[in-house]
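> Provided below are the primary sequence and the corresponding predicted coordinates.
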Amino acid sequence: MKKEEKTLHELFDFSIVLKGIHALIEIISGTSIFLVSSSLIFKFVNAISFGELTEQPIDSMSQYLLNLTHSFSGGTKQFVALYLLSHGIINLIIIIELFRKKIWAYYASFIVLTVFSIYQIYRYIYNPNIFLILLTILDVVTMWLIWREYKRIKNSY
């Protein structure tokens with residue numbers, strides 16, 4: 001394997017590990033949201049945001065989180081939990097299969113990452129958030145690395 005190919009393969013592995021960690025965080029978060037009451041979620045966010053808001057009352061991230069959790073009704077809570085769980089579980093399954101070098105996982109990852117990236121861009125248009133941009137950039141870079149890895153695997157058969 002050439003040095004450039006080896007570096008890209010290592011970047012592929014690293015990006016997949018990052019996506020795996022992200023998927024596990026989403027699964028844990030989605031499960032937690034299902035199991036914890038809305039008022040407890042609000043109290044938790046309020047507690048972690050209090051210090052930041054005391055220092056900078058106009059801190060947009062803390063204010064955003066407080067506003068989000070304050071309007072955390074049953075339907076919204078269920079949507080967020082289901083979104084996180086589905087996104088996390090789907091990504092984790094694909095990631096495991098990518099490490100196992102299953103060809104179908106490469107195709108599935110393109111479809112899933114494209115759909116989630118489009119949805120993240122859609123969400124960003126209506127609710128600008130730097131996290132959505134960073135997540136979309138990571139998804140696009142990961143798709144490129146997956147494509148490169150797919151070509152490498154396909155050529156080795």
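Everything's here; your move.
> list the contacts for the residue nearest to Glu26 when sequence neighbours are not counted?
Spatially, and ignoring its direct neighbours in sequence, Glu26 is nearest to Gly88 (3.2 Å; CB to CB, 6 or more residues apart in numbering). (Each C-beta comes from the backbone N, C-alpha and C, glycine too.) Counting by CB atoms under 8 Å, 6 or more residues apart in numbering, Gly88 makes contact with His22, Ala23, Leu24, Ile25, Glu26, Ile27, Ser29, Gly30.
> can we see that at 10 Å?
Listed by CB atoms under 10 Å, 6 or more residues apart in numbering, the contact partners of Gly88 are Gly20, His22, Ala23, Leu24, Ile25, Glu26, Ile27, Ile28, Ser29, Gly30, Thr31.
> mind checking pLDDT for it?
We have a pLDDT of 93 for Gly88.
> helix or strand for it, which one?
helix 74-99 (DSSP states H and E).
> try Pro128
Going by DSSP H and E, Pro128 is not in any helix or strand.
> next, it: phi, psi?
phi -50, psi 130 (degrees, to the nearest 10).
> follow-up on the earlier one: centre of the chain to the helix holding Gly88, how far?
The chain centre lies 9 Å from the centre of helix 74-99; the measure is CA atoms, centre = their mean, to the nearest Å.
> ok, the contacts of Gly88 vs Lys43, which is closest?
Ser29 (16.7 Å; CB to CB).
> now the closest one: how far from Ile103?
Per CB to CB, to the nearest Å, Ser29 is found 31 Å from Ile103.
> cool, and Phe110?
12 Å.
> re the thing from before, what subset of the contacts of Gly88 is buried?
Neighbour-count burial (16 or more other CB atoms under 10 Å) applied to the contacts of Gly88 gives Gly20, His22, Ala23, Glu26, Ile27, Gly30.
> for Phe12, what are its contacts?
Counting by CB under 10 Å, 6+ apart, Phe12 has contacts Leu98, Thr142, Trp144, Leu145, Ile146, Trp147, Arg148, Glu149, Tyr150, Arg152.
> out of those, who's nearest Tyr83?
Distances from Tyr83 to these, taken by CB to CB, are shortest for Thr142, at 19.1 Å.
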